[in-house]
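sequence unknown, structure follows:
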């Protein structure tokens, strides 16, 4: 299970401007930022000249497509810990602030919906429910006693299917790399995440 909300995408015009610095070709810029007066949404509309150069630099490799690193996207992502463990391999070009498991694990009772379990068969769901019961017993004991040993019971018993929310900033170079590297991954979460990334402005044009 993964849920994504795109919070903001910005830097397109600045990236295009910088992309044209090596050849001093700013006069050929033909992209626009379009603001929908009804919904107040801002959309990047690449011009033919800029899009052609973007595609050529993209195909030339990472050392030539530095403009991608100047386009940033902010997202809220809720995903299981086992997915975050793989996402954390993308250290360069990303920043993330997570909801703290260490400090906030005891804030609310655990429920089945706190865990990704869509592929579990019925007997395994019962095992997960039993684990959740144990987590809530440890939570109750910790809240009543403040005994750190009870806190450890929650931390070390917590399954990797536990869903954590992080606010993530990444640049378009990372976005392109994820789409290229994680396509058709055996984890559903990666395929669903790629669907979201592919909906970002300009990405399909560059990867086509």
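Noted; the coordinates are in hand. Being a predicted model, the structure only gives us computed values, none of them experimental.

for the residue of the chain positioned farthest from its centre, grab phi and psi.
Within the chain, residue 145 marks the point farthest from the mean C-alpha position, 37.4 Å out by C-alpha atoms, centre = their mean. Dihedral angles of residue 145 (phi, psi; degrees, to the nearest 10) stand at phi -110, psi -20.

pull up the distance across stretch 81-92, start to finish.
Taking C-alpha to C-alpha, to the nearest Å as the measure, stretch 81-92 stretches 20 Å from start to finish.

enumerate every residue touching residue 174.
Shown in contact with residue 174 (C-beta atoms under 8 Å, 6 or more residues apart in numbering): 90, 92, 93, 94. In this view, the C-beta of every residue, glycine as well, is placed from N, C-alpha and C.

residue 93 too?
The neighbourhood of residue 93, defined by C-beta under 8 Å, 6+ apart, consists of 69, 170, 171, 173, 174.

mark which of these are part of helices, please.
Of the contacts of residue 93, the ones assigned to helices by DSSP state H are 173, 174.

which among the contacts of residue 93 end up buried?
Neighbour counting by 16 or more other C-beta atoms under 10 Å classes 69, 170, 171, 173, 174 among those as buried.

tell me the spacing between the nearest residue to the last one once chain neighbours are set aside and residue 176.
Closest residue to residue 174 in three dimensions, ignoring its sequence neighbours and counting by C-beta to C-beta, 6 or more residues apart in numbering: residue 93, at 4.3 Å. In this structure, residue 93 and residue 176 are 10 Å apart, going by C-beta to C-beta, to the nearest Å.

just residue 101 next, same as before
30 Å.

do the same with residue 186
From residue 186 to residue 176 the distance is 21 Å (C-beta to C-beta).
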